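A.B. asks: Need a 3D model of the sequence below.
(chains A and B)
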Amino acid sequence: MDKTQVKGIIEGVLYIWGEPLSIDSLHKILEINKKDIKCIIEEMIDEFDYNRRGLQIIKIKNSYQLATRPIHYDYIKKLMPEKTNKGLSNAALETLSIISYKQPITRVEIENIRGVKCDKSISTLIDKGLVEEKGRLDRTGKPIIYGTTDNFLRHFGLKDISELPKLKDVILEENNTF
Amino acid sequence: MKYNITLESFEGPFDLLYHLIEKSEVDIYDVSIAKIAEQYIEFISKMQELDLEVTSEFLLMAATLLEIKSKMLLPKNDIKDDQMEMEGIDPREELIERLIIYKKYKNAANELKNKFDIHGKVFYKPKEEISYPENKDITIEGIDLNNLVKAFDRILKSNNFKKNDLKFHEIKKEEMSIEQAMKFVQNKLDNIEKIEFTNLFEDKLTRTNIVAIFVAILELLKLKKIDIIQENNFTDISIRKKHR
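C.D. replies: All right, here's what the predicted structure looks like:
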């Protein structure tokens, strides 16, 4: 099986699967070693980008998924029935940023940082599938700890949590004004 | 009055506090608590005036600010003060630390929002159930076309007697159905932009066919598939394909 053939199979499989498809699954399908698959997909990602294809292959953790490109949003939107797509409120975004950087984290810890109650924001984020309960702390009251989901990574274009933008030190910023 | 525009947009006491500090354009470590506390309380009273819900968090912050303010107003014991300076203890410190941490995540939230604005514009194909047509073969072994024809012929013959027994009044089949006539008109328009009315009927047509075509034209007009135009008085009426 030559490379072009493998690429064709990967493209077809990713198309039909819809959801992120893991290297492991691709390995089972193609029966070639995982390293080679990884190399070939990385090459495909570049090719798709270089040829400015309407689709892109995105990576989430160890999985790959086909998606449209943000620059085509306005065109694709025309196909969709009018929908008031509410983004995230500032409160929800603040809560989400704290959770994403400090996960796993309890509600009280989030509220300490924000200085306000966050139960509403947290439940919004859970409803949107961006945040999930990751278990409970072995502490009095057994507080729930929260973390972000793979869906969060997907919506924010991150391969994994280590790709979060670096937290900028505000203190330095302030001192720079001297 | 200056505040009434963005009152609700503060996400919490830290958000408001930071806003006030930024507005006063001082280094976060040089904040005059007295001044900020005053502004903060003024702000909260504005919120109450406007009948906005002032949550306990805002009130707690106001109390904290006043507490720090009063601590800083206390007469300083020289020796103690020296010690405090050396140890870097400032009643504002804890608050400022928390404020800085809050701001850090607020900045991060903005960066996340930018990412969300870009990547939220990506679409994914929803996962479908993968299915493929199952081969439900209809087995017609041992039958060839000839047998099938013979079988059909047999059925026809067995019904034959009826034909002879009964006399039917012969009804001539409609020569051209309206559907056929519509196809006929559309075919004529396939390669050309428009056709004159009279040219449509130039083939030798029977009376019923002409009627059928005429009705077909009306039908096509109703379906908005064609336009009928007469460019000038007395010129021939022509039929034009409708472009969508």
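A.B. asks: Break chain A into its domains for me.
C.D. replies: Per the TED database, the domain ranges recorded for chain A read A:3-73, A:90-175.
A.B. asks: Can you show me the helices along chain B?
C.D. replies: When secondary structure is read from DSSP state H, chain B shows helices at B:13-24, B:33-49, B:56-73, B:78-87, B:93-119, B:145-158, B:160-165, B:178-188, B:197-200, B:207-222.
A.B. asks: Among these, single out whichever gets nearest to chain A.
C.D. replies: helix B:93-119 (3.6 Å; Cβ to the nearest Cβ). (C-beta placed from N, C-alpha, C; glycine too.)
A.B. asks: can you tell me if the closest one touches chain A.
C.D. replies: Yes - contact of helix B:93-119 with chain A (Cβ under 8 Å from any Cβ of the partner chain) involves B:98, B:100-113, B:115-119.
A.B. asks: ok, back up a step: comparing the domains of chain A, which gets the lowest mean pLDDT score?
C.D. replies: Note on these: domain A:90-175 shows the lowest mean pLDDT, a mean of 88.
A.B. asks: tell me the domain boundaries of chain B?
C.D. replies: According to the TED database, the ranges for chain B are B:7-73+B:93-107, B:178-241.
A.B. asks: Mean neighbour count, these: which tops it?
C.D. replies: domain B:7-73+B:93-107 (a mean of 17; mean count of other Cβ atoms under 10 Å in any protein chain shown).
A.B. asks: Let's test this: mean pLDDT of that one, rounded?
C.D. replies: pLDDT averaged over domain B:7-73+B:93-107 gives 82.
A.B. asks: do the same with stretch B:186-201
C.D. replies: 78.
A.B. asks: Ok, stretch B:221-239 next?
C.D. replies: Averaging pLDDT along stretch B:221-239 gives 74.
A.B. asks: any chance you could map the strands in chain A?
C.D. replies: A:21-22, A:55-60, A:63-68, A:105-106, A:131-136, A:144-148 (DSSP state E).
A.B. asks: So what are the sheet partners of the last one and their directions?
C.D. replies: Meaning strand A:144-148. Strand A:144-148 pairs in its sheet with strand A:105-106 (antiparallel), strand A:131-136 (antiparallel), by DSSP bridges.
A.B. asks: how about those strands in a markdown table, adding mean neighbour count?
C.D. replies: Below are the strands paired with strand A:144-148 laid out as a markdown table (neighbours: other Cβ atoms under 10 Å in any protein chain shown):
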| stretch | mean neighbour count |
| --- | --- |
| strand A:105-106 | 18 |
| strand A:131-136 | 15 |
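A.B. asks: Which of these sits closest to residue A:89?
C.D. replies: strand A:131-136 (14.1 Å; Cβ to Cβ).
A.B. asks: How far off centre is the closest one?
C.D. replies: 17 Å (Cα atoms, centre = their mean, to the nearest Å).
A.B. asks: what does that strand contact?
C.D. replies: Applying Cβ atoms under 8 Å, 6 or more residues apart in numbering or on different chains, the external contacts of strand A:131-136 come out as A:96, A:99, A:103-104, A:122, A:125-126, A:142-149, A:152.
A.B. asks: Select from those residues the one having the most neighbours.
C.D. replies: residue A:96 (29 neighbours; other Cβ atoms under 10 Å in any protein chain shown).
A.B. asks: What residues does that one make contact with?
C.D. replies: A:88, A:121, A:125, A:130, A:131, A:148, A:152, B:109, B:112.
A.B. asks: Repeat the analysis, applying 6 Å as the threshold.
C.D. replies: Residue A:96 makes contacts with residue A:125, as judged by Cβ atoms under 6 Å, 6 or more residues apart in numbering or on different chains.
A.B. asks: and the gap between it and residue B:47?
C.D. replies: To residue B:47, residue A:96 is 26 Å away according to Cβ to Cβ, to the nearest Å.
A.B. asks: and if you look at residue A:46?
C.D. replies: Distance, residue A:46 to residue B:47, using Cβ to Cβ: 54 Å.
A.B. asks: mind checking which of the domains of chain B is nearest residue A:60?
C.D. replies: Nearest to residue A:60, of the domains of chain B and by Cβ to Cβ, is domain B:7-73+B:93-107 at 23.7 Å.
A.B. asks: just to revisit the earlier point, out of the domains of chain B, which comes closest to residue A:3?
C.D. replies: Across these, residue A:3 has its closest neighbour in domain B:7-73+B:93-107 (44.1 Å, Cβ to Cβ).
A.B. asks: what residues does chain A put near chain B?
C.D. replies: Within chain A, the residues that sit near chain B (Cβ under 6 Å from any Cβ of the partner chain) are A:18-19, A:67-68, A:70, A:73, A:76, A:90-91, A:93-94, A:97-98, A:113-116, A:155-157, A:165, A:167-168, A:170-171, A:174.
A.B. asks: What is the burial count for residue 90?
C.D. replies: I went with chain A, as the question did not name one. Around residue A:90 there are 17 other residues, counting by other Cβ under 10 Å.
A.B. asks: Chain B, not that one
C.D. replies: 16.
A.B. asks: I'd like to know how far the spatially most central residue of chain A sits from residue A:8.
C.D. replies: Taking Cα atoms, centre = their mean, the centroid of chain A lies closest to residue A:153, which sits 1.1 Å from it. Distance of residue A:153 to residue A:8, given as Cβ to Cβ: 27 Å.
A.B. asks: go on, residue B:210?
C.D. replies: Per Cβ to Cβ, residue B:210 is found 57 Å from residue A:8.
A.B. asks: longest helix anywhere in chain A?
C.D. replies: Per DSSP H, chain A has its longest helix at helix A:34-50.
A.B. asks: what angle separates it from strand A:55-60?
C.D. replies: Here helix A:34-50 points in a direction 140 degrees away from that of strand A:55-60 (axes from the mean of the first three to the mean of the last three Cα atoms, to 10 degrees).
A.B. asks: What angle do strand A:63-68 and helix A:34-50 make with each other?
C.D. replies: Using the same axes, to 10 degrees: helix A:34-50 against strand A:63-68 is 20 degrees.
A.B. asks: the helices in chain A, which residues?
C.D. replies: Under DSSP H, chain A gives helices at A:3-17, A:23-30, A:34-50, A:73-77, A:90-102, A:107-114, A:119-127, A:150-155, A:170-175.
A.B. asks: Comparing those helices, which comes out most buried?
C.D. replies: helix A:90-102 (a mean of 23).
A.B. asks: Alongside chain A, which residues does chain B contribute?
C.D. replies: So chain B meets chain A at B:11-14, B:27-28, B:57, B:100-109, B:111-113, B:115-116, B:118-119, B:121-127 (Cβ under 6 Å from any Cβ).
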